[in-house]
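Engineer: Just need the structure, nothing else, for what follows:
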Amino acid sequence: MIAAMDNTFLTVLLNPKAAPRPNPDTGLPVSHCKQRIEALIDEISRTDGTLLIPAPALAEALCATSAVEAYLDELRQYSSIDVAPFDAPAAYELGRVIREAALSGDKRSGEIGNWQQVKMDRAIVAIAISRSVDVFYSDDGRQINFAKMAGLTVKSTWDLALPDKYAQHDLSEKSDEPWPTQKRPAKSSDSESLPAK
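Structural biologist: All right, here's what the predicted structure looks like:
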């Protein structure tokens, strides 16, 4: 599998202070985003896949931190991650996408924002298209729309499985492990209430 991630995924992976974007269906932030992304990377590694970071997405993440070298060092630890440059095939795809949008009468394809932001988001998608990715990972609404318009399969953090060690298991699940011994406070003769904290 070849996949690509945008700045929203990359920032959550690298920046411990990054606030995850809320799930648009619930309006609530997704729990354990970093752990979900790390589990995704582990799965890609196990299947000998590649996770691409388009160079403009990497630039977006790096321009928001003073820890540039630390970010790059962390990325080097993942054997399945490669940075994908904006090269001639990506330029071809970006030019085609912009030309088709302009001919349709709306060069922004219905998205708001300044033209440079729109072109940056499209450049990230163009790199993914030029590398024939199977899945594009993003939590950014505009980026998601451009990727879907380009025919890419898109997934967000709220679509990723929560790793087992963070998931709350159903209390009805049976286990061979014995229940731990419970210690209870001594009952007072006057009351059955729990002791004060």
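Engineer: And stretch 132-148, what's buried?
Structural biologist: Neighbour-count burial for stretch 132-148, counted by 16 or more other CB atoms under 10 Å, picks out 133, 135-140, 142-147. Heads up, the C-betas are built off the backbone N, CA and C, glycines and all.
Engineer: Can you dump the C-alpha atoms of that stretch in CSV for me?
Structural biologist: Below are the C-alpha coordinates for stretch 132-148, written out as CSV (Å, rounded to 0.1, in the frame of the first residue of the first chain):
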residue,chain,number,x,y,z
SER,A,132,-0.8,6.8,-7.2
VAL,A,133,-1.5,6.6,-3.5
ASP,A,134,-4.2,4.2,-2.3
VAL,A,135,-5.3,6.3,0.6
PHE,A,136,-4.9,10.0,1.5
TYR,A,137,-5.0,10.9,5.2
SER,A,138,-6.3,14.3,6.2
ASP,A,139,-8.4,16.1,8.8
ASP,A,140,-8.6,19.3,6.9
GLY,A,141,-11.9,20.0,5.2
ARG,A,142,-10.6,21.8,2.1
GLN,A,143,-7.8,19.3,1.7
ILE,A,144,-10.3,16.4,2.0
ASN,A,145,-12.6,18.0,-0.7
PHE,A,146,-9.7,18.5,-3.1
ALA,A,147,-8.6,14.9,-2.6
LYS,A,148,-12.1,13.5,-3.1
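Engineer: TSV for the buried residues of stretch 132-148, including distance to Gln116 and secondary structure?
Structural biologist: Below are those laid out as TSV (distance: CB to CB, whole Å; DSSP: H, G, I helix; E, B strand; the rest coil):
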residue	distance to Gln116	secondary structure
Val133	24	coil
Val135	27	strand
Phe136	21	strand
Tyr137	23	strand
Ser138	19	coil
Asp139	21	coil
Asp140	15	coil
Arg142	13	helix
Gln143	15	helix
Ile144	19	helix
Asn145	17	helix
Phe146	14	helix
Ala147	19	helix
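Engineer: And the helices in the chain?
Structural biologist: Applying DSSP state H to the chain gives helices spanning 7-14, 33-46, 55-62, 68-76, 88-103, 115-130, 141-149.
Engineer: winner for burial among those?
Structural biologist: Comparing the helices of the chain by mean neighbour count (mean count of other CB atoms under 10 Å), helix 7-14 comes out on top with a mean of 24.
Engineer: and that one, average pLDDT?
Structural biologist: Computed over helix 7-14, the mean pLDDT rounds to 93.
Engineer: By mean pLDDT, which helix or strand of this structure comes out lowest?
Structural biologist: When each helix and strand of the chain is scored by mean pLDDT, DSSP states H and E, helix 68-76 comes last, with a mean of 90.
Engineer: Counting by contacts, list what that helix packs against.
Structural biologist: helix 7-14, helix 55-62 (3 or more CB pairs under 8 Å, 6 or more residues apart in numbering; DSSP states H and E).
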